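*Asks:* output the structure for:
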Amino acid sequence: QVQLVESGGGLVQAGGSLRLSCAASGSIVSINTMTWYRQAPGKQRELVARIFSGGNTNYADSLKGRFTISRDNTNNTVYLQMNSLKPEDTAVYYCNAIIVVNTPSPVSSIYWGQGTQVTVSS
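*Replies:* I've put the predicted structure just below:
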């Protein structure tokens, strides 16, 4: 099957930077949209950024200019570069991808990673 594994979270001071990675592995035929979400304590999960297979991107309006999403199609990996971090960016960050797998015929499904904690101290 398919696994998404996030990494790169941690504790950082306000104003600092982190780079998150999410690597997909398994019987992958192709990967379409890859998306980062986040969920802060007591809040609903929210979209952070999305990147389509052709490279186009979408961002939450409040995060434009500080966060950058990118992908490495060769390695089935999506990245989230986060700069000028603020305490309100503290959350668990999840990646999500629409992946076509052979089961044995091609089937497109949505997969989620387990999440990585980002904590920004003031």
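*Asks:* from here on, just use CA atoms for contacts and neighbour counts.
*Replies:* OK.
*Asks:* so in this structure, where's the weakest helix or strand by average pLDDT?
*Replies:* Among the secondary structure pieces of the chain, namely its helices and strands, strand 106-112 has the lowest mean (mean pLDDT, DSSP states H and E), a mean of 93.
*Asks:* what is the subsequent helix or strand relative to that strand?
*Replies:* Where DSSP states H and E defines the elements, the next helix or strand beyond strand 106-112 is strand 116-121.
*Asks:* for Q39, name its beta-bridge partners.
*Replies:* Using DSSP bridges, the bridge partners assigned to Q39 are V92.
*Asks:* thought it was touching E88?
*Replies:* No. The criterion here is Cα atoms under 8 Å, and Q39 misses it with E88 at 10.9 Å.
*Asks:* which of the two has more neighbours?
*Replies:* In this view Q39 and E88 are compared by other Cα atoms under 10 Å, and Q39 has more residues nearby, 19 against 12.
*Asks:* pull the contacting residues for Y94.
*Replies:* When the contact criterion is Cα atoms under 8 Å, 6 or more residues apart in numbering, the partners of Y94 are 6, 36-38, 112-116.
*Asks:* any idea of the pLDDT on it?
*Replies:* At Y94, the model reports a pLDDT of 98.
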